[in-house]
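> coords please:
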Amino acid sequence: MSEIVQQVQKRMLISLAQIAKRICIKEGDYVMLEERDGGVFIRPVSWHDKNQEYFWSDEWQEKMKRSAEALKAGNVKSFTNIEGLLKELGEEDADDHSN
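Modelled structure (predicted):
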């Protein structure tokens, strides 16, 4: 455990730069502040459901970015029914999927 003395800045801000790397936090991450024993305990936390962990991976976020760019550029198709979509995707027998 290490101790660091910091001066509180305007709007009650403090810098975690000296320990951020050691506790694996970066700008934009979430931390939990817990008041205890007359002080404040800061702990990194995840704000999303663990079942959705894949969504927050760098790989998935890159796919989401590319999809958003394609949508913005108008690179989309629409279908009037599921059969047309499945045929576009190369499904052999689209009728088997229309439950």
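> Alpha carbons of the helix-or-strand element of the chain with minimal mean pLDDT, as PDB, please.
For the chain, using mean pLDDT, DSSP states H and E, the weakest element among its helices and strands is helix 17-20, scoring a mean of 83. What follows is helix 17-20, C-alpha atoms only, in PDB (Å, rounded to 0.1, in the frame of the first residue of the first chain):
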ATOM      1  CA  ALA A  17      -1.900  10.200 -12.000                       C
ATOM      2  CA  GLN A  18       0.700   8.900  -9.600                       C
ATOM      3  CA  ILE A  19      -1.200   5.700  -8.900                       C
ATOM      4  CA  ALA A  20      -3.600   5.300 -11.800                       C
END
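> In this structure, where is pLDDT below threshold?
Where the chain drops to pLDDT under 70, the residues are 1, 49-50, 92-99.
> show me the biggest helix of it in terms of residues.
Across the chain, the helix with the greatest residue count (assigned by DSSP state H) is helix 58-72.
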